[in-house]
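**Student:** need a 3D model of the following:
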Amino acid sequence: MPMPTRAQILDFEKIGDPLADAAVDYLYKHKLRATNIWQLVQEQAQAGSTECQALCDEVFTVPEWVDWQQIERGAQVFLRSAPLALVAFALGALPLTYAVPNIARVLASTKRLEQDAIRRLYETGSMVADVLAKGGLKADGVGFNSVLRVRLLHTFVRRHVVIDDAKKGLNLPLAINQAEMAWVACGFSYVVLVGLERLGVYLTDDDKRDYHHMWRYANYLMGVNPALLADSHAQDALLYTQLKTVLCAPDDCGRLLTDTLANSFAGQPPFFLPRRELGVLGSIVIPDKDLTQGLGFNLYPERHLLPLVKAVVYTASRTSTLATAYVADWGRDYIRYVLDDGLKGRMADFQMQTGAH
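**Tutor:** Prediction:
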């Protein structure tokens, strides 16, 4: 893919998710609501809605570049290092979304990260677990279903924020726009891989290629414009840097959300660590020192113990590659255990909590 210029990224800030937006507008127009919006969209497509059918046509048409075996191997990259992958995801990829002021203010507007932070974070983890499931991204898979439900949730949030901004006379970047969606996509793919390596996990070039491929397709299903989907892990790194330069400027809202995230995880599964140690891990797995400090993570002295930790992790991860399938099954069980404990029996519903209609 050609790397987008600054001007092109700014243009992408004005674009939402046209197909999903049209489908949700149709549901609002006809006053149709349901707990599972993705299921409702499919039902309305069958009933003759051209807007809902257009979205279904897109996501049920598998791009020629998709390789199912590569996707399965990509899932194993995360699963065979599940505890550390969760560190990279929860303390690296998630906080970096708060580095974009417009993302931070939209997340804050839902109130869930302040009032029900831990549940929202586990719900996000539930979507990731579904993507990692065997056959999860196929049309009948749990990951496919979860990704589409989250995509439509984002569309509802976008609609709500646009209406609210208009009432307040605000002229701000479009909520959950394409540029920001691409930044979040880089978090799921590039940032997690960087975090794993920073923690000492052994990754081959094939591992990186497979893991990137899995998230490339998941992010395609999430509605990210193909022009913002990197073709390779190497391109992902370039795209991350380009998006960072244009979008990132951590503010007080982003620091508040980062602090809320760390406080919510303190002493909780899957880390069972004090607040300070969580900050140490966050400062390690986030790729950029300026963003680390901008989000409020201190560079604690414990970071100097990293080489010792990395040596142990590297040895263990080299061993895990020799029994990938077995270790991956253990990783799936471990992640499900963590999610079941964190969600307290109330499974993720991917519902908007703003009370908007």
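
**Student:** which residues in the stretch 151-300 of the chain form helices?
**Tutor:** Taking DSSP state H, counting those that start in this stretch, the helices of the stretch 151-300 of the chain run over residues 178-186, 192-198, 205-221, 233-247, 252-265, 275-285, 289-294.

**Student:** residue 27 is nearest to which of those helices?
**Tutor:** Of all the helices of the stretch 151-300 of the chain, helix 205-221 sits nearest to residue 27, with 19.3 Å by CB to CB. Backbone N, C-alpha and C define where each C-beta goes, glycine included.

**Student:** from the contact counts, what lies against that closest one?
**Tutor:** With contacts taken as 3 or more CB pairs under 8 Å, 6 or more residues apart in numbering; DSSP states H and E, helix 205-221 sits against helix 68-79, helix 117-132, helix 142-168, helix 178-186, helix 192-198, helix 233-247.

**Student:** who's in contact with residue 287?
**Tutor:** Contact analysis of residue 287 by CB atoms under 8 Å, 6 or more residues apart in numbering lists 92, 191, 194, 195, 198, 240.

**Student:** my read is that the fifth one contacts residue 283, right?
**Tutor:** No: between residue 198 and residue 283 no contact is recorded; they are 10.1 Å apart, counting by CB atoms under 8 Å.

**Student:** ok, residue 336 - contacts?
**Tutor:** With CB under 8 Å, 6+ apart, residue 336 has these contacts: residue 129.

**Student:** same check on residue 24?
**Tutor:** With CB under 8 Å, 6+ apart, residue 24 has these contacts: 37, 152, 155, 156, 159.

**Student:** re the thing from before, farthest-apart pair in the contacts of residue 287, please.
**Tutor:** Greatest spatial distance among the contacts of residue 287 (CB to CB): 198 and 240, at 14.5 Å.

**Student:** out of these two, which sits in the busier spot?
**Tutor:** Regarding residue 198 and residue 240, a neighbour count based on other CB atoms under 10 Å identifies residue 240 as having more, with 23 against 19.

**Student:** just give the number of residues close to the closest residue to that one other than its chain neighbours.
**Tutor:** What sits nearest to residue 240 in space, not counting adjacent residues and going by CB to CB, 6 or more residues apart in numbering, is residue 186, at 4.4 Å. Around residue 186 sit 26 other residues, with neighbours defined as other CB under 10 Å.

**Student:** what of the one 4 residues further on?
**Tutor:** When counting by other CB under 10 Å, one arrives at 26 neighbours for residue 190.

**Student:** hmm, residue 238 and it touching each other?
**Tutor:** No: the criterion here is CB under 8 Å, and residue 190 misses it with residue 238 at 9.6 Å.

**Student:** test my guess that residue 186 contacts residue 233.
**Tutor:** No: counting by CB under 8 Å, residue 186 stays clear of residue 233, with 10.8 Å between them.

**Student:** what stretches of the chain score poorly on pLDDT?
**Tutor:** Residues of the chain meeting the criterion pLDDT under 70: 110-117, 300-316, 318-325, 345-357.

**Student:** for it, which residue is closest to the average position?
**Tutor:** Most central residue of the chain, judged by C-alpha distance to the mean C-alpha position with CA atoms, centre = their mean, is residue 188 at 4.9 Å.

**Student:** mind checking the end-to-end distance for stretch 50-68?
**Tutor:** 30 Å (CA to CA, to the nearest Å).

**Student:** buried set for it?
**Tutor:** By neighbour count on 16 or more other CB atoms under 10 Å, the buried set for stretch 50-68 is 51, 52, 53, 54, 55, 56, 59.

**Student:** now the second one: how far from residue 42?
**Tutor:** Yep, that's residue 52 we're talking about. Distance of residue 52 to residue 42, computed by CB to CB, to the nearest Å: 7 Å.

**Student:** just residue 98 next, same as before
**Tutor:** Residue 98 is 33 Å from residue 42, by CB to CB.

**Student:** these two: who's more crowded?
**Tutor:** Comparing residue 98 with residue 42 by neighbour count (other CB under 10 Å), the higher total belongs to residue 98, at 29 against 18.

**Student:** which residue packs closest to the more buried one, ignoring adjacent ones?
**Tutor:** That would be residue 254: by CB to CB, 6+ apart, it lies 3.9 Å from residue 98.

**Student:** doesn't residue 295 make contact with that neighbour?
**Tutor:** Yes: in terms of CB under 8 Å, residue 254 counts as a neighbour of residue 295; the distance is 6.1 Å.

**Student:** hey, what's in contact with both of these two?
**Tutor:** Common neighbours of residue 254 and residue 295 (CB under 8 Å, 6+ apart) are 98, 99.

**Student:** and stretch 136-154, how far from the chain's centre?
**Tutor:** 13 Å (CA atoms, centre = their mean, to the nearest Å).

**Student:** kindly report the same for stretch 167-185.
**Tutor:** Centre-to-centre, stretch 167-185 and its host chain are 16 Å apart (CA atoms, centre = their mean).

**Student:** do stretch 81-90 as well
**Tutor:** 13 Å.

**Student:** which ones are touching the closest residue to residue 278 other than its chain neighbours?
**Tutor:** Excluding the flanking residues, the one nearest residue 278 by CB to CB, 6+ apart is residue 262, at 4.9 Å. For residue 262, the contacting residues are 91, 275, 278, 279, 282, by CB under 8 Å, 6+ apart.

**Student:** which of these sit farthest apart?
**Tutor:** Farthest-apart pair in the contacts of residue 262 is 91 and 275; separation 11.8 Å (CB to CB).

**Student:** these two: which has the busier surroundings?
**Tutor:** residue 91 (27 against 13).
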